[in-house]
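Asker: below are the sequence and a predicted model for it; my questions follow.
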Amino acid sequence: MRDQARITAVLGPTNTGKTHYAIERMLAHRTGVIGLPLRLLAREVYDRIVELRGPSVVALVTGEERIVPDRTQYWVCTVEAMPDGLGADFVGVDEIQLCADPERGHIFTNRLLQARGLHETLFMGSDTMRTAIAALEPKAQFLKRERFSELSYTGSKKISRLKSRSAIVGFSVENVYAIAELIRRQKGGCAVVMGALSPRTRNAQVEMYQNGDVDYLVATDAIGMGLNLDISHVAFSALSKFDGRRMRPLAPNELAQIAGRAGRYMQPGTFGVTGEAAPLDEQVVEAITNSRFPPVKKLQWRNDRLEFGSVDRLIRSLEMRTDDDWLTRVREADDLVALKALSAMPEVDARVSTPHDVKLLWDVCQIPDFRGISPGEHAGLLEAIFSYLHDKTNVPNDYMARQIARIDRTDGDIDTLSKRLAYIRTWTYIAQRKGWVVDENHWREATRAVEDRLSDALHGALTQRFVDRRTSVLLRRLKQKESLVADVNDKGEVTVEDQMIGRLDGFRFRQDQTASAEEAKTLRQAAIAALVPHFNLRADKFYNAPDTEMDFTEQGGLMWGDQAVGKLVKGSEGLKPMVEPFVDDEAGADVAEKVRRRLQHFIDRKIAAAFEPLLLMSKDETLSGLSKGFAFQLVEALGVIPRDAVANDVKALDQDARGQLRKHGVRFGQFTIFMPLLLKPAPTRLRLVLWSLQNDLSEFPEAPPPGLVTVPEVKDAPEGYYTNAGYRLAGQRAIRIDMLERLADQLRSENSRGGFEAKPDMLSITGMTLEQFADLMQGLGYNAEKGERPKVKAVQKDPPQETPPTEVPGDAPGEEPAPTPQEAPVEQPVESPESPPTEMPDGPEAASQEPEIEIFYTFTWGGNRGAKLRHSGKPAGKSRPKPKGKGGRNDKGPKAQSYQARPPRKEKPIDPDNPFAAALMGLKDKT
């Protein structure tokens with residue numbers, strides 16, 4: 001009957017329906033077997049037949065999957081896994097042109113020569129196989145299939161210009177990932193298809209592409225093997241590939257196999273190049289579009305009549321040559337490399353003694369190197385598997401469990417998950433082999449479950465990395481001509497089709513910067529269309545908001561809560577700044593004007609409250625003449641003027657004019673003319689902003705922290721900064737204006753000619769150390785002479801017993817305690833008779849108790865020589881007059897006096913009962 005079986009070769013380019021025809025022919029028979037080049041394609045065909053016949057009669061057999069129902073009628077397999085000797089009515093082999101493939105060609109050639117159906121045998125593939133098939137199988141009939149749609153060449157295009165429903169083809173994992181990342185940024189995302197993916201991951205990625213979630217597919221040449229996808233354009237990113245041994249250019253028929261995936265059924269397709277790929281030659285383009293390629297002249301072949309008498313005999317049979325002109329011996333395959341490596345191991349050689357052992361070793365060597373680490377690593381794994389199978393007849397459960405547990409993890413990036421998927425395929429392959437494990441069903445389910453988990457995790461990782469969900473959804477809506485609807489929540493977040501695209505910052509839309517340039521314009525249009533009515537509602541809410549919700553920044557910004565809504569700009573006068581609102585043009589002029597008016601009201605009221613004394617003075621009509629002019633200067637200076645800047649004007653003011661100004665809170669200090677109320681933190685902060693605006697500063701200086709009497713010098717401070725900040729620079733620190741005047745009041749009572757020392761009150765006012773105070777005084781024009789002296793310690797006395805408390809006279813107004821005479825003798829302490837005499841140490845101990853040394857400064861007026869008296873960040877241009885008080889230029893008084901801190905000793909009252917009382921009292925009266 002086999003001699004009467006029909007052998008047919010259905011040949012033609014892609015998109016001719018060859019695979020579909022083969023499925024129809026197989027289902028026309030009671031039983032059938034079909035071999036396919038890829039595990040992915042086998043799964044696709046299996047699913048199609050299950051839909052037509054149900055799962056109970058359809059088997060799927062690949063290296064890593066084995067689904068075989070009890071009533072199997074139709075077998076869907078990879079070409080390597082096609083069962084022998086089934087006696088099926090139909091046998092089909094797809095992509096038969098792979099007989100010429102350097103790696104797998106000998107498997108396809110074996111099926112061409114050996115695989116036959118009882119009633120029908122069908123070979124599908126390229127027309128380049130016609131001559132070879134006719135020569136090797138003279139009884140074969142040929143059925144030519146024409147392409148359903150036209151395929152045309154479009155030349156080179158940038159990836160950013162590729163139309164939707166395009167597939168970009170790369171020939172390495174790195175290249176595929178790089179292209180996918182670029183597509184995500186420019187087009188919103190893509191699906192990724194590679195031969196190394198599991199069917200579950202591949203199907204999930206393809207489904208994402210097929211349902212329109214993404215419009216681009218990035219793949220390896222795996223899509224050229226019969227995968228039916230809705231592709232309109234194929235773009236090659238490279239024209240060469242690594243074939244396992246070397247980099248080589250792709251042949252025209254290989255390019256055609258991939259390019260032919262463009263166009264589905266009757267829809268025309270196009271192909272071209274992109275990226276760094278050079279444009280195709282005209283001859284190559286013509287060959288692809290017309291499906292005219294040189295015929296295959298040599299088929300890869302390996303002897304299938306193997307001898308298992310010994311390992312050497314097996315190797316010789318595998319390396320046997322053929323005399324057939326159409327056949328050429330295949331290059332050394334991976335399984336033969338593994339066999340030679342294992343046979344050289346002493347552990348393996350000692351175990352191989354029978355043909356059964358040789359056959360078992362050969363079966364183990366055919367485990368594919370899914371991991372791809374190195375031949376040595378792969379050989380080590382095969383040696384362990386062979387040892388278990390030889391010694392224990394199966395792979396132990398605990399060993400399988402350990403290996404699988406190491407892989408059963410779904411954390412990690414794409415590369416990590418891909419490696420784990422490759423590793424689990426090894427154990428899936430072992431579990432599929434009959435008799436290699438104790439409980440085949442258990443381990444098949446266990447390895448399949450791990451693969452499914454890893455597949456789902458890999459799909460998720462690929463999607464997360466290479467798909468922008470927001471962009472893909474929006475582009476799909478645009479493609480479907482649907483209007484986009486935007487929404488704004490209470491937080492100001494703007495969403496379009498439930499996808500976050502930006503946020504509303506005050507009255508400006510801040511678009512998400514991750515959107516591509518092509519997408520950004522569309523997104524903004526959709527967002528603004530929804531935001532226009534929201535802008536008006538928001539403006540009404542802002543206009544009615546209280547001033548407490550608003551504030552200004554130290555750089556002149558205007559805030560509504562935490563949102564910037566405008567900024568201050570220079571006005572005609574210092575106390576009359578203008579505002580510039582931050583409002584998008586799309587919001588409209590009415591919204592912008594409403595925001596501007598509200599901000600102007602806010603800042604006007606802020607200035608009126610902070611500078612109320614100054615504004616009242618400027619409106620006082622009773623001021624006239626010099627007082628009115630001086631008030632005008634004070635308003636222009638925002639309430640603070642260095643005295644040396646208006647020294648002549650101050651001298652010209654009579655007491656009446658000064659009195660009029662003092663009624664408004666103006667203080668005429670020795671260093672500064674100012675209004676104390678305007679030195680508070682709030683007016684100071686606002687004054688610095690207004691002053692910075694009037695002086696056109698690009699960066700506004702910040703106000704010193706409130707509450708500090710002195711602050712460090714600010715480097716590169718602009719001229720006028722310290723005055724407007726309410727400070728005066730003296731030395732390395734600046735002192736607050738009001739505290740400087742208090743210090744000046746104390747300095748007036750000192751002998752500045754003869755010299756004086758710092759009093760505790762002076763240090764307390766400034767909050768400085770003695771060294772810092774000395775630097776401050778030098779900055780004010782004083783000389784500071786440093787000296788050292790023994791420190792005088794206060795004498796500790798025992799508290800008096802039963803002594804009535806000493807009465808301290810109260811300080812009456814205007815009274816001063818009488819100073820102790822300078823020549824008064826120092827009282828020596830009287831020893832109590834109850835106390836032992838104090839022993840003074842002598843010798844080395846006495847030498848060690850040296851008096852403690854203290855540092856002191858003597859200050860004298862220096863006539864401003866070498867002084868660092870500055871109020872605006874620069875040295876003062878005029879010499880300061882000598883301070884008034886003791887020791888002045890015309891002071892002829894005595895030298896500095898010393899005062900005793902101890903009050904005068906009070907005399908004891910005379911006891912009237914004492915017999916000598918009268919005599920003593922009389923003596924006192926005479927004295």
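Answerer: That came in fine, so what should we check first?

Asker: now do the helix or strand harbouring residue 361, average pLDDT.
Answerer: Element membership of residue 361 [criterion: DSSP states H and E] is helix 355-365. For helix 355-365, the mean pLDDT works out to 95.

Asker: all strands of the stretch 201-350 of the chain, in order?
Answerer: Taking DSSP state E, counting those that start in this stretch, the strands of the stretch 201-350 of the chain run over residues 216-219, 233-236, 240-242, 247-249, 269-273, 299-301, 327-329.

Asker: deepest of those, which one?
Answerer: strand 216-219 (a mean of 29; mean count of other CB atoms under 10 Å). The way it works is simple: take the backbone N, C-alpha and C, and place the C-beta from them, glycine included.

Asker: that one packs against which elements?
Answerer: In terms of contact count using 3 or more CB pairs under 8 Å, 6 or more residues apart in numbering; DSSP states H and E, strand 216-219 is assigned the packing partners strand 166-169, helix 173-187, strand 191-193.

Asker: buried ones in the longest one?
Answerer: Of the residues in helix 173-187, those with enough neighbours to count as buried (16 or more other CB atoms under 10 Å) are 175, 176, 177, 179, 180, 182, 183, 184, 185, 186, 187.

Asker: could you dump those into JSON lines and include pLDDT and distance to residue 375?
Answerer: Putting these into JSON lines (pLDDT from 0 to 100; distance: CB to CB, whole Å) gives the following:
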{"residue": "175", "pLDDT": "90", "distance to residue 375": "25"}
{"residue": "176", "pLDDT": "91", "distance to residue 375": "25"}
{"residue": "177", "pLDDT": "91", "distance to residue 375": "26"}
{"residue": "179", "pLDDT": "92", "distance to residue 375": "31"}
{"residue": "180", "pLDDT": "92", "distance to residue 375": "31"}
{"residue": "182", "pLDDT": "88", "distance to residue 375": "35"}
{"residue": "183", "pLDDT": "88", "distance to residue 375": "36"}
{"residue": "184", "pLDDT": "84", "distance to residue 375": "36"}
{"residue": "185", "pLDDT": "78", "distance to residue 375": "39"}
{"residue": "186", "pLDDT": "78", "distance to residue 375": "41"}
{"residue": "187", "pLDDT": "79", "distance to residue 375": "41"}
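
Asker: circling back to that earlier point, in TSV: the strands of the stretch 201-350 of the chain, plus distance to residue 593 and mean pLDDT.
Answerer: Listed next are the strands of the stretch 201-350 of the chain as TSV, based on distance: least, CB to CB, whole Å; pLDDT from 0 to 100:
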stretch	distance to residue 593	mean pLDDT
strand 216-219	47	93
strand 233-236	52	94
strand 240-242	65	86
strand 247-249	68	88
strand 269-273	54	94
strand 299-301	82	96
strand 327-329	86	95
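
Asker: I'd like the next helix or strand past the helix holding residue 361.
Answerer: Using DSSP H and E, the next helix or strand after helix 355-365 towards the C-terminus is helix 375-392.

Asker: quick one: buried residues of that next one?
Answerer: Result for helix 375-392 [16+ other CB under 10 Å]: buried residues 378, 379, 381, 382, 383, 385, 386, 387, 388, 389, 390.

Asker: and the gap between residue 508 and residue 561?
Answerer: In this structure, residue 508 lies at 14 Å from residue 561, with CB to CB, to the nearest Å as the measure.

Asker: looking at these two, which one has more neighbours?
Answerer: Comparing residue 508 with residue 561 by neighbour count (other CB atoms under 10 Å), the higher total belongs to residue 508, at 17 against 11.

Asker: just for the stretch 401-550 of the chain, where's the confidence low?
Answerer: Under the criterion pLDDT under 70, the flagged ranges of the stretch 401-550 of the chain are 469-486, 497, 514-523, 525-526, 529-530.

Asker: where along it do the helices fall?
Answerer: Defined through DSSP state H, counting those that start in this stretch, the helices belonging to the stretch 401-550 of the chain, from first to last, are 414-432, 440-466, 469-479, 517-543.
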